[in-house]
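**Q** this is a predicted model, with the sequence first.
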Amino acid sequence: MKKISSFSEYQEQYKKSVEHPEEFWAEIASTFTWNKKWDKVLEWDFEDLHNSWFKGAKLNITENCIDRHLDKNGDKIAIIWEPNDPADETVNITYSQLHERVGKAAQMLKNNGILKGDRVCLYMPDRKSTRLNSSHDQTSYAVFCLKKK
């Protein structure tokens, strides 16, 4: 999707999204990496108050948020963390650094016996040492709730 650079372009895109939602969202979705493309973009029924988006599709959200950017944009900033305390420094995290940290978090879950489909709650208190995007090269987690299948 191209960047919207004016209010008139925004209005044009908004109009398209309202008048032709399936076409609009199919165009947006075509910029993602899909494991299986959708059979139908949108099914909706206002009588039963039911809607279903991208029926039959499968994707990996981390692949779309992180992995697909590694080859060309690995050294570009993925996250800019602005601290509440003006005395703290802004932290910039590249896609490569984020990928490494997500891998560490995934390995920590795996090491604790978490399997696909398990539900996990992570407690990450608001302290610099436990923020995923902190400037420290470590990430601390306190797992307080594990629900196995």
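**A** That came through, no problem.
**Q** the biggest helix by length in the chain - contacts with which helices or strands?
**A** Assignment by DSSP state H gives helix 95-111 as the longest helix of the chain. When contacts are defined as 3 or more Cβ pairs under 8 Å, 6 or more residues apart in numbering; DSSP states H and E, helix 95-111 packs onto helix 70-73, strand 77-81. Every C-beta, even on glycine, is put in place using the N, C-alpha and C of the backbone.
**Q** contacts for the shortest one?
**A** Helix 70-73 is contacted from outside by 95-96, 99, using Cβ atoms under 8 Å, 6 or more residues apart in numbering.
**Q** of those, keep whichever come out buried.
**A** Among those, those buried by neighbour count (16 or more other Cβ atoms under 10 Å) are 95-96, 99.
**Q** what about the helices in this protein?
**A** In the chain, the segments counted as helices under DSSP H are 7-19, 21-29, 61-65, 70-73, 95-111.
**Q** closest one to residue 84 among the ones you listed?
**A** Distance to residue 84, taken as Cβ to Cβ, is lowest for helix 95-111 among these, at 21.1 Å.
**Q** in the closest one, which residues are buried?
**A** By neighbour count on 16+ other Cβ under 10 Å, the buried set for helix 95-111 is 95-99, 101-102, 109.
**Q** give me the distance between it and the centre of its chain.
**A** Centroid separation between helix 95-111 and its chain, computed with Cα atoms, centre = their mean, to the nearest Å, is 14 Å.
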